[in-house]
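>>> Predicted model and sequence below, questions to follow.
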Amino acid sequence: MSESGNNMEASAQDERRAKWKIIGPGIVVAGTGVGAGDLVATLSAGARFGYALLWAVVLGTVFKIILVEGAGRYCLASGRTIFQGWRSLGAWTSWYFGPYIVIWGFVYGATAMSSSALPLVALFPGGPDLKIWAITMGLIGFALVWLGRYGVVEKLMAIFVGLMFIAVVGAAALATPNLLDIVGGLVPRIPEGGLVNTLAVAGGVGGTITLAAYGYWLREKGWSTPGWMRVMRIDNSVAYLVTGIFVVAMLIVGAELLYSANIALGSGDQALVGLSDVLDERYGEIYGTVFLIGFWAASMSSLIGVWNGVALMFADFLGTSRGLRADDPRMHSGGAYYKAYVLWLTFPPMLLLFLNEPVGVILTYGVLGSLFMPFLALTLLGLLNSDRVPRQWRNGTWGNIALGLCALLFIAVGAHELYQVVTGA
């Protein structure tokens, strides 16, 4: 057999082996996407409406599977990155994405560091204050991703997802959910006054910009040709099944521990600290501590995933915009552009930990952020229905219907977020 034939056979064997591995780029994008904000949103929905919005959680998980599959399929089928695809649709994509990724990184950096610090303040009440913990978490994340070693990120994500599973699913099991109520929650209905929560839950499960980073993690893993398509689809589906389990478990906790007992918690990430107190009171201090560790794992996994994945996106954006060759090392993991964005995510946002949030920056962040998911869904529709991908990997009728429904949902969610930002509602 020729050398090329041996190489093809070895590649096929690698792909068959990879098919049975749960840990892959999907678990990285899912671990990054399920942060404290997702846990709070589903906890709040369960606390306010019981199981009434369970169907929206499931729908949101399915929609994210569709979006991430679309992004992965484009990258594998075309051999190009998602930003290169956006660029092919016109310069307007850069006019939007450039300001967005810069402003988003500045604001998100501070948010991620604070979220990762909050459970540590609760775990160690006599220790450093929130700002010191936040800076420490930022520096740890910076050190772990600085060299751009994807294998390290993937292993860390597996550990964090394991901790989250123990904490979140364990809390749901302790709550002894009512199975008949759970089944009833799968019937689509919007409770009175629950439209906003329905949109938030359905549209907020499992990440935003990190969905688009999936193609970059596929490249880092070495899955870069159409031969990996089936492996990618299994990887993505398993990962978002795990995501769905997390958010359903959190809804169960809200419904059983808070809704049934009419317990109100604080807003934002502080609600998760309040939940640990409820677990302490009901089941003993160990359970609240385990949940806080899971809260920290959810926040830290988002921090590390963003520091790595969005830095890869920025490096591609900057290099492609400057007309560099696709193999230019500055555009890849550990390169100059990658490291520049890791620095941007880590150090300038620390200023926001000490200053009042600048209204103009936050407003711009909110406006640009509300448009990203509609932007992703609509551009995928354009890319996957054109000659930018081989005919066999383009969308069919059902693919277009599914992606079209995703686009409609995220346009509605984005419009509501935009209204909130502009009006201050």
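Nice, I can see it.

>>> For the closest residue to residue 216 other than its chain neighbours, identify the helix or strand it belongs to.
The spatial neighbour of residue 216 that comes closest, neighbours along the chain excluded (C-beta to C-beta, 6 or more residues apart in numbering), is residue 312 at 4.0 Å. (Glycine included, C-beta is placed from N, CA and C.) Assigned by DSSP states H and E, residue 312 belongs to helix 285-321.

>>> C-terminal to that helix, what's the next element?
Using DSSP H and E, the helix or strand that follows helix 285-321 towards the C-terminus is helix 336-346.

>>> Would you mind pulling up the elements that that following helix packs against?
Secondary-structure packing of helix 336-346 (3 or more C-beta pairs under 8 Å, 6 or more residues apart in numbering; DSSP states H and E): helix 92-123, helix 130-145, helix 285-321.

>>> Distance from the chain centre to the longest one, please.
I take that to be helix 285-321. 8 Å (C-alpha atoms, centre = their mean, to the nearest Å).

>>> Check the second one too.
In terms of C-alpha atoms, centre = their mean, the centre of helix 130-145 is found 19 Å from the chain centre.

>>> Show me which positions of it end up buried.
133, 134, 135, 137, 138, 141, 142, 144, 145 (16 or more other C-beta atoms under 10 Å).

>>> And the pLDDT for the residue nearest to the fifth one when sequence neighbours are not counted?
So that's residue 138. Spatially, and ignoring its direct neighbours in sequence, residue 138 is nearest to residue 113 (4.3 Å; C-beta to C-beta, 6+ apart). Note on residue 113: pLDDT of 92.

>>> my guess is residue 113 contacts residue 351, does it?
No. Applying C-beta atoms under 8 Å, one finds residue 113 not in contact with residue 351, separated by 11.5 Å.

>>> more crowded one of these two?
Each of residue 113 and residue 351 has its neighbours counted (other C-beta atoms under 10 Å); residue 113 has more, 29 against 12.

>>> if we can go back for a sec, between the helices and strands packed on helix 336-346, which gets nearest to residue 51?
Nearest of those to residue 51, taken as C-beta to C-beta: helix 285-321 at 20.7 Å.

>>> in that closest one, what's buried?
Within helix 285-321, the residues that qualify as buried are 287-320, counting by 16+ other C-beta under 10 Å.

>>> cool, stretch 413-425 as well?
413, 414, 416, 417, 418, 421.

>>> what mean pLDDT would you report for that stretch?
On average, stretch 413-425 scores 77.

>>> now stretch 165-183
88.

>>> any idea how far the nearest residue in space to residue 298 that is not next to it in sequence lies from residue 372?
Using C-beta to C-beta, 6+ apart and skipping residues adjacent in sequence, the residue nearest residue 298 is residue 164, 5.2 Å away. Note on residue 164: its distance to residue 372, by C-beta to C-beta, to the nearest Å, is 24 Å.

>>> Of the two, which one has the most company?
Using other C-beta under 10 Å as the criterion, residue 164 and residue 372 rank with residue 164 on top: 25 against 20.

>>> The more buried one and residue 31, how far apart?
To residue 31, residue 164 is 8 Å away according to C-beta to C-beta.

>>> the bottom helix or strand of the protein by mean pLDDT?
Lowest by mean pLDDT, DSSP states H and E among the helices and strands of the chain is helix 3-18, with a mean of 49.

>>> Helix, strand, or coil at residue 147?
When classified by DSSP: H, G, I helix; E, B strand; the rest coil, residue 147 comes out as coil.

>>> pretty sure it contacts residue 334?
Yes. Between residue 147 and residue 334 there is a contact under C-beta under 8 Å: 5.3 Å.

>>> Who has more neighbours out of the two?
More neighbours surround residue 334 than the other of residue 147 and residue 334, with 17 against 12 (other C-beta under 10 Å).

>>> which residues does the residue nearest to residue 138 contact?
Neighbouring residues of residue 113 by C-beta atoms under 8 Å, 6 or more residues apart in numbering: 134, 135, 137, 138, 303, 349, 350, 353.

>>> what residue ranges in the chain score low on pLDDT?
For the chain, applying pLDDT under 70 flags the ranges 1-23, 204-207, 260-261, 264, 266-268, 356-366, 425.

>>> 50 - rerun?
The chain contains residues with pLDDT under 50 at 1-8, 10-11, 20.

>>> In which helix or strand does the residue nearest to residue 371 when sequence neighbours are not counted reside?
Nearest residue to residue 371, sequence neighbours excluded (C-beta to C-beta, 6+ apart): residue 414, at 5.7 Å. According to DSSP H and E, residue 414 maps onto helix 397-423.

>>> returning to that earlier point: does the residue nearest to residue 298 touch residue 296 like I think?
No. If you go by C-beta under 8 Å, residue 164 and residue 296 don't touch, sitting 9.5 Å apart.

>>> Could I get the phi/psi values of residue 220?
Per-residue torsions, residue 220: phi -60, psi -30 (degrees, to the nearest 10).

>>> burial count for the closest residue to it other than its chain neighbours?
Counting by C-beta to C-beta, 6+ apart, residue 220 lies nearest to residue 150, which is 3.6 Å off, once chain neighbours are set aside. Counted with other C-beta under 10 Å, residues neighbouring residue 150 total 21.

>>> List the residues that contact residue 150.
Residues counted as contacts of residue 150 (C-beta under 8 Å, 6+ apart) are 217, 220, 221, 308, 333.

>>> From residue 109, how far off is it?
Taking C-beta to C-beta, one finds residue 150 at 21 Å from residue 109.

>>> same deal with residue 284?
36 Å.

>>> what do you get for residue 56?
According to C-beta to C-beta, residue 56 and residue 109 sit 30 Å apart.

>>> which one of those two has more residues nearby?
A count of neighbours by other C-beta under 10 Å puts residue 56 above the other of residue 56 and residue 109, at 29 against 26.

>>> For that one, which non-adjacent residue is spatially closest?
Counting by C-beta to C-beta, 6+ apart, the residue nearest residue 56 is residue 202, at 4.2 Å.

>>> One more: residue 280?
residue 288 (3.6 Å).

>>> my read: that neighbour touches residue 276, true?
Yes. With contact defined as C-beta under 8 Å, residue 288 counts as touching residue 276 (3.9 Å).

>>> Need the residues touching each of those two.
Contacts common to residue 288 and residue 276, judged by C-beta under 8 Å, 6+ apart, are absent.

>>> residues near residue 330, how many?
Residue 330: 15 neighbours (other C-beta under 10 Å).

>>> any idea how far it is from residue 149?
Taking C-beta to C-beta, one finds residue 330 at 17 Å from residue 149.

>>> Could you do residue 271 as well?
Note on residue 271: its distance to residue 149, by C-beta to C-beta, is 35 Å.
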